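Chemist: Have a look; sequence and predicted model below, questions after that.
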Amino acid sequence: MLKPVRDQIILDVIEQETTTSGGIVLPGSAVEKPYRGVVMARNESFTMPDGSVKAAETELGDIVYFGKTHGTEVQYQGKQYLVISEEFILCKESCHD
């Protein structure tokens with residue numbers, strides 16, 4: 001698996017539905033870019049620019065929501081992932097509640 005550096009996390013993006021609840025299939029251009037993902041890899045903590053150490057706010061398996069324009073898509077072993085700074089995570093559904 002990829003290993004993130006600093007405050008980056010690796011997400012397995014949850015794709016948007018391409019069919020409406022009424023059964024209408026949406027063309028690719030009508031489907032919004034995904035903005036949810038499952039945390040696949042992250043660091044326990046990372047060093048901030050001021051030298052302090054900050055604990056990660058995400059856990060492996062959390063479903064997180066992120067801004068539509070953030071992150072970088074990467075392909076690893078034939079699978080697409082999103083690498084994104086924890087700074088751009090808007091909220092999460094914890095798998096540990």
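Modeler: Perfect, thanks for sending it.
Chemist: which regions of the protein lie under the pLDDT threshold?
Modeler: Across the chain, the stretches falling below the confidence threshold (pLDDT under 70) are 16-21, 23-34, 94-97.
Chemist: tell me the residue furthest from the middle of it?
Modeler: With Cα atoms, centre = their mean as the measure, the chain has its most outlying C-alpha, relative to the mean C-alpha position, at residue 22: 28.5 Å.
Chemist: got a list of what that residue touches?
Modeler: When contacts are counted by Cβ atoms under 8 Å, 6 or more residues apart in numbering, residue 22 is found next to no other residue. All C-beta spots, glycine's among them, are computed from the backbone N, C-alpha and C.
Chemist: do the same with residue 53
Modeler: Taking Cβ under 8 Å, 6+ apart, we find residue 53 in contact with 45, 46, 47.
Chemist: residue boundaries of the strands in the protein?
Modeler: Assignment of strands within the chain using DSSP state E yields the ranges 8-13, 36-41, 45-47, 53-55, 63-66, 72-76, 79-85, 89-93.
Chemist: CSV please, covering those and showing distance to residue 1.
Modeler: Compiled in CSV, the strands of the chain are given as follows (distance: least, Cβ to Cβ, whole Å):
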stretch, distance to residue 1
strand 8-13, 7
strand 36-41, 6
strand 45-47, 18
strand 53-55, 21
strand 63-66, 17
strand 72-76, 8
strand 79-85, 9
strand 89-93, 19
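Chemist: With adjacent residues omitted, what lies nearest to residue 36?
Modeler: Once its chain neighbours are removed from consideration, residue 36 has its nearest residue in residue 14; the separation is 4.4 Å (Cβ to Cβ, 6 or more residues apart in numbering).
Chemist: Check residue 58 too.
Modeler: Closest residue to residue 58 apart from its sequence neighbours, by Cβ to Cβ, 6+ apart: residue 39 at 4.9 Å.
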